[in-house]
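Q: got a structure for you, letters missing:
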């Protein structure tokens, strides 16, 4: 058979009857890959189906790059401005690089790494230009941490997957040079308190960041999960600002300017600011602690009996201290198991073993971080801020379990 | 005190500052031997000095105090004409109601809790209007406007939002003096973690 079966879409159970009637001996309908590499839908005979027995056929030989199994259909959820990670399809805490969420303001640029330069100037003793190769010569660091867009909350209907609710968060191992190492090289002036980070994309994206954070743990990253950063993530270099809202992690970094005041760019005034009790909160950098159950979740189906509830929790202010799970619509809470490693400012996996009795209920999780902050309910958030949406919205997210085993998101609304 | 213990003492002070971190990183830094740290130079000498011309070529930012504004000037009448050809398709006639958002403040729609955020009711600094248009607009041809065109458009959008009157000449000296109505609303984040929900 020249065509390679990729995915069975439908097995025909009425095959014998059709055979009796003398019709086409269709045993199944499948997605097959043609010799030209195209994926097409095709009807298969019983003979072709058994041809698919992997023990009866030599497999493919070693290749130059690995591939995802053609039975796995992991895809991001793109819109005009962003693309969301399929949180419900992940295991563990590392986001496969090609499934890391995307958010950019002028598309993904094509940048030649041999030509790309990073300029650092302003309140420094030596304004300098670094090529990618220069940056790679400095002492390097690696760190596993999450990256989340601060506009990462959607609600409004029951048929939402974790991907749609909060798929603008992902986690990688980032490798690069500490910004403090570069600051030391250029000699930043003692009165420099802010720096501007600017991207080399069509939006020439800019954000002002306090020098204190820059000295603390910011990385100029050139690698992600063991290889060069993906273009969508800022190839060849990006800022990685642990625990802070995604937008500050400026991609395609081309310039850093030291200053004694913030620059008040559009992304820190018109955007990424939020109404709180009639005022506009600005420079709200920290990502508040948050968690979500990713299994079971819409549109999965569960069966009565033992269910391992699984999810992720994280905080921009430190480590996850504990995660609690409620299986009775928030009336009582039990401690979930945390999977090592529990890293600073990182997605942490949690699990809770539950015996479902088949009755309708709601399940949900809430995280407490090492500062003692506990993820609030939507009601608590709305009461505290006087707003029912906005950036940095991190409410407890509940799933409704129906008696038939279907799982639906529980959209809540206040005001 | 021997040399070894001395450098062990210096280690946490110097490198603690540069490499301080928790979790993942601190496990690494505990593997540094004292000789690793004592050999770190005050400068690695990688990279090269930037010339003023190299800086000027891409240093396009503008601060609220006006630092960074180029020579040039603009008036609303000219900005209105440029807007009608280069911006109107995406931002609507008069900067209201286009597919990519309004730039000019109008009445609150009865169905909405609050008016759409625009330059007129939400932007805290006039300098940001110049900075943003110059770096990113028009969306389909970023970086294509001359400095004077950006000044004209800035004057037009501020005037259409009734922040300056139509005769106001926007220059590097006058732009930073414009007071934006929304500025007093802006307060820095005061969330600090801990049990409080903010």
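A: Perfect, I can see it now. These numbers come from a predicted model, not from an experiment. Residues are numbered from 1 along each chain as shown, chains lettered A, B, ... in the order given.
Q: which SS state does the one residue in chain A that gets nearest to chain B fall under?
A: Residue nearest to chain B within chain A: residue A:371 (3.2 Å; C-beta to the nearest C-beta). Any C-beta I mention is one placed from the backbone N, CA and C, and that applies to glycine too. Secondary structure, DSSP: H, G, I helix; E, B strand; the rest coil: residue A:371 is coil.
Q: now do the contacts for it.
A: Taking C-beta atoms under 8 Å, 6 or more residues apart in numbering or on different chains, we find residue A:371 in contact with A:315, A:317, A:318, B:192, B:193, B:194.
Q: burial of the last one, as a residue count?
A: Other residues lying near residue B:194 total 12 when counted by other C-beta atoms under 10 Å in any protein chain shown.
Q: where does the stretch 251-400 of chain A have low pLDDT?
A: Residue ranges of the stretch 251-400 of chain A with pLDDT under 70: none are present.
Q: can you pull out the helices in it?
A: Secondary structure of the stretch 251-400 of chain A (DSSP state H, counting those that start in this stretch): helices at A:378-385.
Q: picking up where we left off before, filter the contacts of residue A:371 to the buried ones?
A: Burial of the contacts of residue A:371 was assessed by neighbour count (16 or more other C-beta atoms under 10 Å in any protein chain shown); the buried members are A:315, A:317, A:318, B:193.
Q: not counting its neighbours along the chain, what's nearest the second one?
A: Nearest-residue entry for residue A:317: residue B:193, 4.4 Å, with adjacent residues in sequence omitted and distances by C-beta to C-beta, 6 or more residues apart in numbering or on different chains.
Q: would you mind listing what in the stretch 51-200 of chain A touches chain B?
A: With C-beta under 8 Å from any C-beta of the partner chain as the criterion, the stretch 51-200 of chain A comes near chain B at residues A:105-106, A:119-121, A:126-131, A:134-135, A:137-139, A:141-144, A:178, A:180-181, A:184-185, A:196, A:198.
Q: please repeat the previous calculation with a cut-off of 6 Å.
A: Residues of the stretch 51-200 of chain A lying close to chain B by C-beta under 6 Å from any C-beta of the partner chain are A:119, A:121, A:127-130, A:134, A:137, A:143-144, A:180, A:185, A:196.
Q: now these: which count as buried?
A: Buried positions within those, assessed by neighbour count (16+ other C-beta under 10 Å), are A:119, A:121, A:127, A:128, A:129, A:130, A:134, A:143, A:144, A:180, A:185, A:196.
Q: these: which two are farthest apart?
A: Spatially, the most separated pair among those is A:127 and A:144, at 33.2 Å (C-beta to C-beta).
Q: can you give me the helices in chain B?
A: Counting by DSSP state H, the segments of chain B that form helices are B:3-19, B:24-29, B:34-38, B:52-58, B:76-86, B:88-91, B:119-122, B:126-136, B:147-160.
Q: list the buried residues in the last one.
A: Burial within helix B:147-160, assessed by neighbour count using 16+ other C-beta under 10 Å, is assigned to B:147, B:149-160.
Q: per-residue pLDDT of residue B:107, please?
A: As predicted, residue B:107 sits at a pLDDT of 77.
Q: what of residue B:17?
A: According to the model, residue B:17 scores 41 on pLDDT.
Q: for residue B:33, same thing?
A: 51.
Q: on that earlier part again, and the buried ones among the contacts of residue A:371, which is closest to residue A:98?
A: In terms of C-beta to C-beta, no member of those lies closer to residue A:98 than residue A:315, at 26.2 Å.
Q: switch the residues of the stretch 51-200 of chain A next to chain B over to TSV; also include distance to residue A:375, secondary structure and pLDDT.
A: Listed next are these as TSV, based on distance: C-beta to C-beta, whole Å; DSSP: H, G, I helix; E, B strand; the rest coil; pLDDT from 0 to 100:
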residue	distance to residue A:375	secondary structure	pLDDT
A:119	40	strand	98
A:121	41	strand	98
A:127	44	coil	98
A:128	43	strand	98
A:129	44	strand	98
A:130	40	strand	98
A:134	42	helix	98
A:137	42	helix	98
A:143	24	strand	98
A:144	21	strand	98
A:180	31	helix	97
A:185	40	helix	98
A:196	33	strand	98
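Q: what's near enough to touch residue B:106?
A: Shown here is residue B:106, whose contacts under the criterion C-beta atoms under 6 Å, 6 or more residues apart in numbering or on different chains are residue B:96.
Q: what's the burial count for residue B:60?
A: A total of 16 residues lie near residue B:60 under the criterion other C-beta under 10 Å.
Q: before we move on, what about residue B:170?
A: Using other C-beta under 10 Å as the criterion, residue B:170 is surrounded by 28 other residues.
Q: list the contacts for it?
A: Each residue near residue B:170 by C-beta under 6 Å, 6+ apart is listed here: B:74, B:151, B:154, B:155.
Q: got it, and residue A:205?
A: Taking C-beta under 6 Å, 6+ apart as the criterion, residue A:205 is in contact with A:105, A:199, A:250.
Q: can you confirm residue A:207 is in a helix?
A: No. Using three-state DSSP, the assignment for residue A:207 is strand, not a helix.
Q: where are the low-confidence patches of chain B?
A: Per-residue confidence for chain B (pLDDT under 70) gives these ranges: B:1-38, B:108-110.
Q: in contact with the closest residue to chain A within it, which residues?
A: Relative to chain A, the nearest point of chain B is residue B:193 (3.2 Å; C-beta to the nearest C-beta). Contacts here follow C-beta under 6 Å, 6+ apart; on that basis residue B:193 touches A:317, A:371, A:373.
Q: next one: residue A:354
A: For residue A:354, the contact set (C-beta under 6 Å, 6+ apart) comprises A:307, A:309, A:327.
Q: and the first one, how many residues sit next to it?
A: This points to residue A:307. Residues near residue A:307, counting by other C-beta under 10 Å, number 19.
Q: now the second one
A: One way to gauge burial is a neighbour count; for residue A:309, by other C-beta under 10 Å, it gives 24.
Q: list the contacts for it?
A: Here residue A:309 is in contact with A:293, A:325, A:352, A:354 (C-beta under 6 Å, 6+ apart).
Q: swap in 8 Å and give it another go.
A: Counting by C-beta under 8 Å, 6+ apart, residue A:309 touches A:293, A:295, A:296, A:325, A:327, A:336, A:351, A:352, A:353, A:354, A:363, A:365.
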